[in-house]
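1. quick one, what's the 3D model for this:
(2 chains)
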Amino acid sequence: MRRAPLFSLFACGLLAWSLLASVALADDLETFDPGRLKPTDSTLKVKVGDAAPDFTLPAIQGGTVTLSDYRGKKNVVLSFVPAAWTPVCSDQWPGYNLALDMFRALDAEILGISEDNTPSQAMWVKAMHGLGFPVLSDFWPHGKVAGALGILRSDGMAERAIVIVDKQGVIRYIDVHDINSRPDLGTIIHELEKLAP
Amino acid sequence: MKKYSLTLAACLIALAAVLAAPAMALDVFPDVALQGKISPEQRQYLGVPDGDIRLSDINADFVLVEVFSMYCPICQHDAPGVNDMFARTLASDQAGKVRFVGIGAGNTPFEVAFYRKKFDVQFPLFEDPDYTAHKAVGNVGTPAYYLVDLRDRKRAVLVFHEGEIKDKEAFLKNMLELAGK
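-> This next block holds a predicted model:
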């Protein structure tokens, strides 16, 4: 009689193992799906041709990054994403990372920014197998940089936005993208090519 | 005893359902449109004419379909290994029977071209910017791999694998054995 509970325990253990194994098929980057969100939820405060508001933000790589430090040296692509550990965001920066050589050939640096705090960003980036560009936290004062640009949503997340700042510190391109989809790498590269001397 | 037997049966049924789920993802691979420019050599490889093509136009017994994304880190990590499987398939006894294609889920022509160049992918890669093909195959996670039997116009899915192929040696061996039957 005692074999029966042991047998059931074994069967259920096998079931638990199989469930865990099926999760592992999706590899080691599990994400939280927020569902479909309002495509945009903010009002821009800057336009192409404006001087980019300067900022200094903490980076997961340590220390801080200041936008104006790139002045006279590099074009800067600011890539704002809404939230760490979400599907579209997790499927955006690894692509830009793959294309880093292309960005750098166009004399550009990419800065990834979200409203998450640094520890959360750091673990998320680790799960994405690392990124070769600075990832900055606009967590505190919450959304100060996104707010200055007019891309802070009412729920405290940034829009999924691309802002290109040239070597003179002037905004040359703004794409406040549908938060539910990913901006095309080709469009960003094309806009950077326009800045080439 | 009856209670335990019922528990055991319920667990085994659930287990069977879980284990069967990936294989049941698709029984018949949809006849998706393969969009994008491919070279004349790649058209010859697939045995397809000029112009728009669909999966069923591929003139081979089997096709390995990789659903990938340029943005997906696992796809990037897997790319050299998939290239190796392609090369070894070409060098195998089943070279004439198996074709490889990739479908870039949500990827534009620029993104597919970039991925092709970055990883020197020699087999044909197609774009799917609006996720049409990706939806048709059930919004699978990337990468996903399907070995499709094209004989008798069935498009029967013989193998489905979602996520990184951790043991490519075993995957390739299984694929070539299935193609040899």
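
2. residues touching the most centrally placed residue in chain B, list them.
-> Most central in chain B under C-alpha atoms, centre = their mean is residue B:65, positioned 2.4 Å from the mean C-alpha point. For residue B:65, the set of contacting residues under the criterion of C-beta atoms under 8 Å, 6 or more residues apart in numbering or on different chains consists of B:29, B:55, B:101, B:102, B:103, B:145, B:146, B:148. Heads up, the C-betas are built off the backbone N, CA and C, glycines and all.

3. low-confidence ranges in chain B?
-> Across chain B, residues meeting the criterion (pLDDT under 70) sit at B:1-26.

4. same check, this time on chain A
-> For chain A, the ranges with pLDDT under 70 are A:1-28.

5. and the helices in it?
-> For chain A, applying DSSP state H gives helices covering A:3-24, A:87-90, A:93-98, A:100-105, A:118-127, A:144-149, A:185-195.

6. didn't residue B:114 look like it was pressed against residue A:96?
-> No. Counting by C-beta atoms under 8 Å, residue B:114 sits too far from residue A:96 to count as a contact (11.2 Å).

7. okay, and the common contacts of these two?
-> In contact with both residue B:114 and residue A:96: residue A:185, using C-beta under 8 Å, 6+ apart.

8. hang on, the earlier thing: tell me if the residue nearest to the centre of chain B really is in a strand.
-> Yes. With DSSP: H, G, I helix; E, B strand; the rest coil as the criterion, residue B:65 is assigned to a strand.

9. quick one: contacts for the residue nearest to the spatial centre of chain A?
-> Central residue of chain A (C-alpha atoms, centre = their mean): residue A:81, 4.0 Å from the mean position. Taking C-beta under 8 Å, 6+ apart, we find residue A:81 in contact with A:88, A:89, A:92, A:93, A:112, A:113, A:114, A:158, A:160.

10. try it again at 6 Å.
-> The neighbourhood of residue A:81, defined by C-beta atoms under 6 Å, 6 or more residues apart in numbering or on different chains, consists of A:89, A:114, A:160.

11. counting neighbours, which of these comes out on top?
-> Neighbour counts for these were taken using other C-beta atoms under 10 Å in any protein chain shown; the highest belongs to residue A:160, with 29 neighbours.

12. re the thing from before, ranking the contacts of residue B:65 by neighbours, who comes first?
-> Each of these was scored by neighbours using other C-beta under 10 Å; the highest score is residue B:103's, at 30 neighbours.

13. so that one makes contact with residue B:133?
-> Yes. Under the criterion of C-beta atoms under 6 Å, residue B:103 is in contact with residue B:133, at a separation of 5.1 Å.

14. please see if stretch B:99-108 touches chain A.
-> Yes. Stretch B:99-108 lies in contact with chain A when judged by C-beta under 6 Å from any C-beta of the partner chain; the contacting residues are residue B:108.

15. in that stretch, what counts as buried?
-> When burial is assessed from 16 or more other C-beta atoms under 10 Å in any protein chain shown, stretch B:99-108 yields the following buried residues: B:99, B:100, B:101, B:102, B:103, B:104, B:105, B:106, B:107, B:108.

16. out of those, who's nearest chain A?
-> Each of the buried residues of stretch B:99-108 was checked against chain A using C-beta to the nearest C-beta; the closest is residue B:108, at 5.1 Å.

17. residues contacting the closest one?
-> A:184, A:186, B:129.

18. repeat that for residue B:68.
-> Taking C-beta under 6 Å, 6+ apart, we find residue B:68 in contact with B:75, B:102, B:142, B:143.

19. I'd like the residues you listed written out as TSV, with secondary structure added.
-> Supplementary listing: the contacts of residue B:68 in TSV, determined by three-state DSSP:
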residue	secondary structure
B:75	helix
B:102	strand
B:142	coil
B:143	coil
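
20. of these - the most surrounded one?
-> Using other C-beta under 10 Å as the contact criterion, the top neighbour count among the contacts of residue B:68 goes to residue B:102, which has 28 neighbours.

21. could you double-check that it lies in contact with residue B:122?
-> No. The pair residue B:102 and residue B:122 does not pass the contact test of C-beta under 6 Å, sitting 10.8 Å apart.

22. count of neighbours near residue 82?
-> Let's take chain A. Burial of residue A:82, expressed as a neighbour count using other C-beta under 10 Å, amounts to 23.

23. I was after chain B.
-> Using other C-beta under 10 Å, residue B:82 has 23 neighbouring residues.

24. no further queries at this time; thank you.
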